[in-house]
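>>> here are the coordinates; sequence isn't available:
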Ligand SMILES: Nc1ncnc2c1ncn2[C@@H]1O[C@H](COP(=O)(O)OP(=O)(O)O)[C@@H](O)[C@H]1O
Ligand SMILES: [Mg+2]
């Protein structure tokens, strides 16, 4: 499954990094702790978080994350968006909470 | 091959720059992707620690056919009890740093897990030196 498929099926907003919508999604990871993501997320994961600052892009890029999804209607900071475009790693958004979004994404990736 | 990167205490927007550069270099050298991943995790955590806990620092990277050696030296408060700092969950990070999702006390454990050889020396009131060596070919 690709990032664009997830965007469509879960009705997500695309904030930035649209050039990366063809990235392949392997799995997902939910965390708001950057060291936790550094230590435990895997390449090709979609990362669900409420963090919006620029460092999430540094982490996503270093870990080869497929896309970031911001929950609860949160929007990425200006600098975060610029970095996302550069790295071509999409940042998507939803009004859902992490629990609900993770459940839906899990079902989607495992069906 | 040697590379050097400067680190600035408190400047979170630059954290990860050295890691990103080293990742590119190792990719160009065709180092095994799994090994690159480990090095990048350890270096990123080392960078973040200087930014979060110290005043300024330097990353020195030395790569040869066999191994990558990274030395991160900072001027800062130092670590009074290194064994305690190595424990998962131990953190002295400020509330604002924690709010950003840093300060989970997982940095040094991540570094330990992702390097072949780690050496930490620290002097309270002066600074800290982290030395990490990882084999890049067998
Ligand atoms: N370069 C450093 N200078 C001063 N103190 C440090 C440094 N690196 C780590 N520490 C101390 O060790 C603790 C644990 O570090 P770490 O495991 O990376 O967790 P965190 O950075 O999330 O607090 C820090 O909270 C800090 O007290
Ligand atoms: Mg740390």
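Yes, it's here. No experiment lies behind these values; they were computed from the predicted model shown. Ligands and ions are numbered 1, 2, ... in the order given.
>>> Thought residue A:109 was touching residue A:9, still the case?
No: with contact defined as Cβ atoms under 8 Å, residue A:9 does not reach residue A:109; the gap is 10.3 Å. Glycine gets a C-beta too; all of them are placed from N, C-alpha and C.
>>> Excluding covalently adjacent residues, which one is nearest to residue 106?
Just so you know, I chose chain A. The shortest distance from residue A:106 to any non-neighbouring residue, by Cβ to Cβ, 6 or more residues apart in numbering or on different chains, is to residue A:28 (6.8 Å).
>>> Not quite, go with chain B.
Here the residue nearest residue B:106, using Cβ to Cβ, 6+ apart, is residue A:35, at 3.8 Å.
>>> cool, residue B:75 as well?
Per Cβ to Cβ, 6+ apart, closest to residue B:75 is residue B:127, 4.6 Å.
>>> ok, back up a step: tell me what the residue nearest to residue A:106 is bridged to.
On the basis of DSSP bridges, residue A:28 is bridged to residue A:46.
>>> who's in contact with it?
A:45-48, A:102, A:105-106, A:109 (Cβ atoms under 8 Å, 6 or more residues apart in numbering or on different chains).
>>> and the residue of chain A found nearest ligand 1, how many neighbours does it have?
Proximity of chain A to ligand 1 (Cβ to the nearest ligand atom) peaks at residue A:35, 5.9 Å away. Neighbour count for residue A:35, taken as other Cβ atoms under 10 Å in any protein chain shown: 25.
>>> Show me what the helix or strand hosting residue A:5 packs onto, helices and strands only.
For residue A:5, the host element (DSSP states H and E) is helix A:3-9. Packed against helix A:3-9 by the contact rule (3 or more Cβ pairs under 8 Å, 6 or more residues apart in numbering or on different chains; DSSP states H and E) you find strand A:91-93, helix A:98-109.
>>> List the contacts of the helix or strand hosting the residue nearest to residue B:106.
Assigned by DSSP H and E, residue A:35 belongs to helix A:34-40. By Cβ under 8 Å, 6+ apart, the list of residues contacting helix A:34-40 from outside reads A:29, A:31, A:47, A:49, A:51, A:55-56, A:59, A:62-63, A:65, B:41, B:44-45, B:48, B:100-102, B:104-107, B:109-110, B:113.
>>> Show me which residues of it are buried.
If you call a residue buried by 16 or more other Cβ atoms under 10 Å in any protein chain shown, then helix A:34-40 has these buried ones: A:34-39.
>>> Export these as TSV, with columns for pLDDT.
Below are these laid out as TSV (pLDDT from 0 to 100):
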residue	pLDDT
A:34	97
A:35	96
A:36	97
A:37	98
A:38	97
A:39	96
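>>> ok, so of these, who is nearest ligand 2?
residue A:35 (6.3 Å; Cβ to the ion).
>>> before we move on, the earlier item: list residues touching both of residue A:9 and residue A:109?
Common contacts of residue A:9 and residue A:109, defined by Cβ under 8 Å, 6+ apart, are absent altogether.
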